[in-house]
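Chemist: dropping a prediction and its sequence here:
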Amino acid sequence: KMGFLYKALVTYQKAYELNPDDPDIIINLGLLASKFNMTDIAKKLSQKYIDRCPDAPVGYNNLAFLLSMEDKADEAIELLRSAIMRLPEEPMLWNALAIVLMEEGRTEECKVFSREAIRLNPKKSEYYHNLAFAYTYAAKMREAISLCNEALENVTDPVERLESIYLRGTCRLNLGELEEGFKEYAIHNKPLFRCHVEYIINVPKWEDEPLAGKRILAVTEQGLGDEIMFANIFSDLQRAVGPEGKLVIAATDRLIPLFKRSWPAAEVYAYDDRKISNRDGDLQVRLFPFLKTVSAPACYAPQTAFLAHFRKRVEDFPHQAYLKPDPARVEAFRARLNEGGNEPVVGICWRSMLLAMKRSKFYSRLTDWEPILKTKGVRFLNLQYGDCEQELAQAETLFGIKIERMAGHDLTDDIDGNAALSAALDLVISAPTAVAATAAAVGTETWFLLSYNDWPQLGTDEYPWYPKTRTFVSKRFADWPDATARIADALKKFADSH
């Protein structure tokens, strides 16, 4: 509990050697093993605990969690169903089953089991929070906010408190309640929040004071797609500091050329992310080595910290392209594309590069795109980064179509090139990834394929961050046939008009 995980692991290992049948030692050693990613050991210890204490719910709970993390949801569900038959009055088991079902996208079933967990223990904040998540997938944001409030009324753990405030903030954003929503969303920068990145910087943090005439540092954050989407705010910051001030941007190195061209009056540098490992785990830190050689800023903030100040209403979004691709590369890509014919060229991206159980449910497979890919009168160009050649070949064989590739171009690391390529296209259809963010931010018409109403829509049927977008949201969570059929209908009209 004090954070000395390695010392705890060593202590429990010694205790286990002395008393290998003690249930408390078994279950706690298993928990520690899972924290150190010793999954096989953790599973064996969880099973051993179940064998020793078959009427205690925690063993089933822990083993189900480990199975689900290995994408073995069916095994986890069956384990928990059997445990509930044995221990029907244990809310932990009902909640665990609800979580596994939610991770599988089975939200209606999830809600049933979450409600039962709450009935059995109405004072457990975690149960309200998990049910709130399920309601967000069903686009019932008011109900989700109410459940977050109930979670906060019962919460005792400070980490759980931050999680519920953050979730409530995203629900408010999904309803278009931007000012309060962005304030609560910014809580993800608190040190106790999951996946926290510690900034190693000796500069005061911006506290909503006037920016005119100041040298300020805005730091991009989260994943590449978010860094691009939240860059929507940089032009506002440039105007706010004025001619006497200076905007300094710290971003991932892949974005430096593109950001320098897009905001030529700003100074743009790369931050340096590191992982500091010790016996008690890993600490993610962000360093700013350029500050050794340039003038220190008066203040700094993560880029999302400025949103509550500059984006109080949806109408505050300018709906303008803000990334400026290299015009020479745009023309070079356009010339190469024109060699293939005069039909409109549509870029496609169907998933994130990093997929695991908790992420895969949000993304379609390329084989789900059959009605889109069979649309006549357009050409398709692959924009999916990472290893996807097998998926492309499978779709081409199944559907009898051709998906073009831009030979010699690195879709993973050449983001500046991706911006130019996107600008040369007529349309991009994509999951909510860095591909979609890049294309939309350079002004290319972009259609988002979504498994549910995502908070960056801000209560609209578009992504207000960009000038020309449409969203195609599954009527039921991850109901891809419904969404892809509607995209296919829209794409036919697009092709006919071009």
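Modeler: The structure has been received and is ready for your questions.
Chemist: CA atoms for contacts and neighbours, from now on please.
Modeler: Will do.
Chemist: ok, now how distant is residue 302 from residue 87?
Modeler: According to C-alpha to C-alpha, to the nearest Å, residue 302 stands 47 Å off from residue 87.
Chemist: my bad, residue 106
Modeler: From residue 106 to residue 87 the distance is 23 Å (C-alpha to C-alpha).
Chemist: residues contacting residue 117?
Modeler: Applying C-alpha atoms under 8 Å, 6 or more residues apart in numbering, we find residue 117 in contact with 90, 91, 92, 93, 94, 95, 127.
Chemist: please export the C-alpha coordinates of the host helix or strand of residue 372 as PDB.
Modeler: Element membership for residue 372, per DSSP states H and E: helix 370-373. C-alpha atoms of helix 370-373 as PDB (Å, rounded to 0.1, in the frame of the first residue of the first chain):
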ATOM      1  CA  GLU A 370     -17.300  -5.100 -47.500                       C
ATOM      2  CA  PRO A 371     -20.100  -2.800 -48.600                       C
ATOM      3  CA  ILE A 372     -17.700   0.200 -48.500                       C
ATOM      4  CA  LEU A 373     -15.000  -1.500 -50.500                       C
END
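Chemist: quick check: next helix or strand after that helix?
Modeler: Heading C-terminal from helix 370-373 (DSSP H and E), you reach strand 379-382.
Chemist: ok, and what's touching that next one?
Modeler: 343-349, 373, 402-406.
Chemist: what's the closest of those to residue 283?
Modeler: Nearest to residue 283 among these is residue 349, at 32.4 Å by C-alpha to C-alpha.
Chemist: might one say that the closest one is in contact with residue 431?
Modeler: Yes. Applying C-alpha atoms under 8 Å, one finds residue 349 in contact with residue 431, separated by 6.2 Å.
Chemist: that older thread, and residue 302 and residue 87? Which one has more around it.
Modeler: Just comparing residue 302 and residue 87: by other C-alpha atoms under 10 Å the higher neighbour count belongs to residue 302, 21 against 17.
Chemist: so who does the more buried one touch?
Modeler: 218, 219, 220, 221 are the contacts of residue 302 under C-alpha under 8 Å, 6+ apart.
Chemist: what of residue 390?
Modeler: Counting by C-alpha under 8 Å, 6+ apart, residue 390 has no contacts.
Chemist: before we move on, the earlier item: min pLDDT across the contacts of residue 302, which one?
Modeler: The member of these with the lowest pLDDT is residue 221, at 91.
Chemist: spell out the secondary structure type for it.
Modeler: coil (DSSP: H, G, I helix; E, B strand; the rest coil).
Chemist: now it, what are its backbone angles?
Modeler: phi -150, psi 170 (degrees, to the nearest 10).
Chemist: that one: neighbour count?
Modeler: Applying other C-alpha under 10 Å, I find that residue 221 has 20 neighbouring residues.
Chemist: so how far is residue 339 from the residue lying closest to it once chain neighbours are set aside?
Modeler: The shortest distance from residue 221 to any non-neighbouring residue, by C-alpha to C-alpha, 6 or more residues apart in numbering, is to residue 227 (5.6 Å). Residue 227 sits 34 Å away from residue 339, going by C-alpha to C-alpha.
Chemist: now do the same for the residue nearest to residue 221: helix, strand or coil?
Modeler: helix.
Chemist: so it sits against residue 233, correct?
Modeler: No. Between residue 227 and residue 233 there is no contact under C-alpha under 8 Å: 10.6 Å.
Chemist: could you pull out the strands for the stretch 151-300 of the chain?
Modeler: 197-200, 215-219, 246-251, 267-270, 272-278, 281-287, 299-302 (DSSP state E, counting those that start in this stretch).
Chemist: nearest to residue 396, out of the ones you listed?
Modeler: Going by C-alpha to C-alpha, the one of the strands of the stretch 151-300 of the chain nearest residue 396 is strand 246-251, 37.3 Å.
Chemist: for the record, mean pLDDT for the closest one?
Modeler: Rounded mean pLDDT across strand 246-251 is 98.
Chemist: can you check the pLDDT for residue 102?
Modeler: Residue 102 is given a pLDDT of 88.
Chemist: tally of neighbours for the residue nearest to it when sequence neighbours are not counted?
Modeler: Distance criterion C-alpha to C-alpha, 6+ apart; nearest residue to residue 102, sequence neighbours excluded, is residue 110 at 5.5 Å. Residue 110 has 26 neighbouring residues, counting by other C-alpha under 10 Å.
Chemist: touching, residue 110 and residue 133? I think so.
Modeler: No. The pair residue 110 / residue 133 is not scored as a contact, 9.8 Å apart, by C-alpha under 8 Å.
Chemist: now for those two: what residues contact both?
Modeler: By C-alpha under 8 Å, 6+ apart, no residue touches both residue 110 and residue 133.
Chemist: which residues touch stretch 421-439?
Modeler: Counting by C-alpha under 8 Å, 6+ apart, 224-226, 228-229, 323, 325, 329-331, 333-334, 344-352, 363-364, 383-384, 418-419, 442-450 sit against stretch 421-439.
Chemist: mean confidence score for that stretch?
Modeler: 98.
Chemist: quick check: end-to-end length of it?
Modeler: 9 Å.
Chemist: with stretch 190-207 instead?
Modeler: Stretch 190-207: ends 14 Å apart by C-alpha to C-alpha.
Chemist: can you give me how far that stretch is from the chain middle?
Modeler: When distances are taken as C-alpha atoms, centre = their mean, to the nearest Å, stretch 190-207 is centred 19 Å away from the chain's centroid.
Chemist: next: stretch 418-435.
Modeler: With C-alpha atoms, centre = their mean, you get 19 Å for stretch 418-435.
Chemist: about what we covered before: check contacts around the residue nearest to residue 221.
Modeler: 220, 221, 251.
Chemist: ok, so of the residues you listed, who is nearest residue 276?
Modeler: Nearest to residue 276 among the contacts of residue 227, with distances taken as C-alpha to C-alpha, is residue 221, at 18.5 Å.
Chemist: am I right that residue 347 is in a strand?
Modeler: Yes. Membership of residue 347 in a strand is supported by three-state DSSP.
Chemist: identify the farthest-apart pair in the contacts of residue 302.
Modeler: 218 and 221 (9.6 Å).
Chemist: residues shared between the contacts of the two?
Modeler: Common neighbours of residue 218 and residue 221 (C-alpha under 8 Å, 6+ apart) are 302, 303.
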